[in-house]
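S.K.: I would like the atomic coordinates for the input below:
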Amino acid sequence: MRLMSYFRCLHAIPVLVSVVSILLAGVSSAAGMAKKARVELASSAAFSEKGQLLAVAKQGDHLMLYRSDDQGVSWSAPAIINAQPEAISGDGENRPKIAFAQDGGVLVSWTKKLDKPNSGEARLARSDDGGSSFSTPITVHRDRQEITHRFEAMTVGGDGRIYIAWIDKRDLESAKAAKTPYRGAAIYAAVSDDGGRSFKPEVKVADHSCECCRIATAVDTDGSALFLWRHVYEPNERDHALAKLRADGTPERVVRATFDRWKVDGCPHHGPALAVTPDGARHAVWFNQKDGNGRVFYGRLVAGGVDGQRFVGGEQAAHADIIASGRHVAILWKEFDGERTQLRAELSVDGGNSFKPLALGTADGASDHPRAIRRGKDLFAYWRTEREGMRVFPLK
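M.R.: Numbers count the residues shown, from 1 in each chain. Predicted coordinates:
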């Protein structure tokens, strides 16, 4: 019930802030503290084939690309990704992403904020010179309504195609106009077969997704793109669904992936993560409430159920990520211990049959969600914090 208590506490915050601000420092001071609390640290990182580490982060109305030749110890001066400024989403669940096309092109995707609340466009820019300069950004979908096209997720399939999926509310808007019920939002996807220079018309993957949880993606053993998201099952169970996409972006099948049967009228802003090992096992981490406990879970997704489902970390564990390399599987998460935020991990060398704990780092101020990244066969944790900046931790 930890998350439910958190929701209830939110209603008391305006009263508490008013009292504290009057007693301590006045209304302007309270506004300053609120502004500081909204610092946007969300970023992503990835190693190129040559071993250079690239990271993308928001700075005002621009995205900046940083490069490191020493695994994040030092960083180059940043390159601007979007020459023309635009409003960009930079929170933990809706971060910019980075990937590499098969021809070596650097791909960066993000959500552009529009004027209406919770509206946006899924955007992408490509670099042909290793990230020194970028093409003019494009919007990957044809639909231009000022509605939700947000929380985009990007992956490069084994066939070289670029797959981008996002949360989309066009069907919700149509249902409202027709005065018919509609649960949540929908998942749409678009595919590029020219390395991200252009995208084919988008297709619907599934109706009834949750509205504000990030989408996870991975590549299956046959090279197909997999997407995992929080779904709203009838009447209102917030579990997860998994889709395997064909080359045109249409789903080969959509299946229920978790079975916690969490009934909640709201989005927890806490998306899943997914990794596939060479034996075809689909390893996942996610946040749900089950039997009254709101926790992070790990398990292997199998037909009609979850194999080996268990808790990850303690009661404050949050925003886990997962990655695999051969039979090595690593789980990352952050966890507040009452004084500082701890970056923790578990590492398996036997395909997820057993895990050993790792303590990686700490942060005193605000922090982004941790990201699991890979260079060749080696696994790393990437973590951006307000005071320490962008850091990389080997997972050994």
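
S.K.: ranges for the helices of the stretch 51-200 of the chain?
M.R.: With DSSP state H, counting those that start in this stretch as the criterion, the stretch 51-200 of the chain has helices at 170-178.

S.K.: any weak-confidence spans in it?
M.R.: Within the stretch 51-200 of the chain, no stretch has pLDDT under 70.

S.K.: what about the strands in the stretch 251-396 of the chain?
M.R.: Using DSSP state E, counting those that start in this stretch, the strands of the stretch 251-396 of the chain run over 251-256, 273-276, 282-290, 293-302, 305-311, 317-325, 328-336, 341-348, 356-363, 371-375, 378-385, 389-394.

S.K.: which strands or helices does the shortest one pack on?
M.R.: With contacts taken as 3 or more Cβ pairs under 8 Å, 6 or more residues apart in numbering; DSSP states H and E, strand 273-276 sits against strand 216-219, strand 225-233, strand 282-290, strand 317-325. (C-beta placed from N, C-alpha, C; glycine too.)

S.K.: pairing partners for it, with directions?
M.R.: strand 282-290 (antiparallel) (DSSP bridges).

S.K.: what's the domain layout of this protein?
M.R.: 11-40, 41-267, 272-396 (automatic domain parsing).

S.K.: save the ones you listed as CSV, and put in mean neighbour count too.
M.R.: Formatted as CSV, those follow (neighbours: other Cβ atoms under 10 Å):
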stretch, mean neighbour count
domain 11-40, 11
domain 41-267, 19
domain 272-396, 18
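
S.K.: about what we covered before: can I get the helices and strands packed on strand 273-276 in TSV including mean pLDDT?
M.R.: Shown next, in TSV, are the helices and strands packed on strand 273-276 (pLDDT from 0 to 100):
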stretch	mean pLDDT
strand 216-219	98
strand 225-233	97
strand 282-290	95
strand 317-325	97
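
S.K.: ok, back up a step: among the strands of the stretch 251-396 of the chain, which comes closest to Gly90?
M.R.: strand 378-385 (10.8 Å; Cβ to Cβ).

S.K.: what packs against the closest one?
M.R.: Short answer (3+ Cβ pairs under 8 Å, 6+ apart): strand 378-385 packs on strand 43-47, strand 53-59, strand 317-325, strand 328-336, strand 341-348, strand 356-363, strand 371-375, strand 389-394.

S.K.: the first one - what's its average pLDDT?
M.R.: When pLDDT is averaged over strand 43-47, the result is 97.

S.K.: that strand: partners in the sheet, and parallel or antiparallel?
M.R.: Sheet pairing of strand 43-47 (DSSP bridges) gives strand 53-59 (antiparallel).

S.K.: thinking again about what came up before, a markdown table please, covering the helices and strands packed on strand 378-385 and showing distance to Ile187.
M.R.: Output for the helices and strands packed on strand 378-385, formatted as a markdown table (distance: least, Cβ to Cβ, whole Å):
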| stretch | distance to Ile187 |
| --- | --- |
| strand 43-47 | 20 |
| strand 53-59 | 23 |
| strand 317-325 | 20 |
| strand 328-336 | 25 |
| strand 341-348 | 29 |
| strand 356-363 | 32 |
| strand 371-375 | 22 |
| strand 389-394 | 30 |
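
S.K.: export the strands of the stretch 251-396 of the chain to TSV and append columns for distance to Asp220.
M.R.: Shown next, in TSV, are those (distance: least, Cβ to Cβ, whole Å):
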stretch	distance to Asp220
strand 251-256	10
strand 273-276	6
strand 282-290	8
strand 293-302	12
strand 305-311	17
strand 317-325	12
strand 328-336	16
strand 341-348	20
strand 356-363	27
strand 371-375	17
strand 378-385	20
strand 389-394	27
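
S.K.: which one of those lies closest to Leu172?
M.R.: strand 251-256 (18.1 Å).

S.K.: and the angle from that closest one to strand 293-302?
M.R.: 140 degrees (axes from the mean of the first three to the mean of the last three Cα atoms, to 10 degrees).

S.K.: pLDDT (mean, whole number) over strand 251-256?
M.R.: Averaging pLDDT along strand 251-256 gives 96.

S.K.: now do it: which elements does it pack against?
M.R.: So strand 251-256, by 3+ Cβ pairs under 8 Å, 6+ apart, packs with strand 203-209, strand 237-245.

S.K.: relative to Ala317, how far out is Ser109?
M.R.: For Ser109, the distance to Ala317 (Cβ to Cβ, to the nearest Å) stands at 28 Å.

S.K.: is Ala366 in contact with Glu386, as I believe?
M.R.: Yes: contact between Ala366 and Glu386 holds when scored by Cβ atoms under 8 Å: they sit 4.2 Å apart.

S.K.: now do the shared contacts for the two.
M.R.: Val39, Leu41 (Cβ atoms under 8 Å, 6 or more residues apart in numbering).

S.K.: what pLDDT is listed against the spatially closest residue to Leu41 that is not a sequence neighbour?
M.R.: Among residues not flanking Leu41 along the chain, Asp368 sits closest, at 4.1 Å (Cβ to Cβ, 6 or more residues apart in numbering). pLDDT recorded at Asp368 is 95.

S.K.: residues touching Asp368, list them.
M.R.: For Asp368, the contacting residues are Leu41, Ala42, Ser43, Gly92, Arg95, Trp383, Arg384, Thr385, by Cβ under 8 Å, 6+ apart.

S.K.: what does Asp91 give?
M.R.: Glu40, Ala42.

S.K.: do Pro251 as well
M.R.: Residues near Pro251 by Cβ under 8 Å, 6+ apart: Val205, Ala206, Ala243, Lys244, Leu245.

S.K.: for Phe199, state which of these is nearest.
M.R.: Nearest to Phe199 among these, with distances taken as Cβ to Cβ, is Leu245, at 13.6 Å.

S.K.: what's near enough to touch that closest one?
M.R.: Tyr163, Ala165, Ala189, Val191, Val205, Ser224, Ala225, Leu226, Phe227, Pro251, Glu252.
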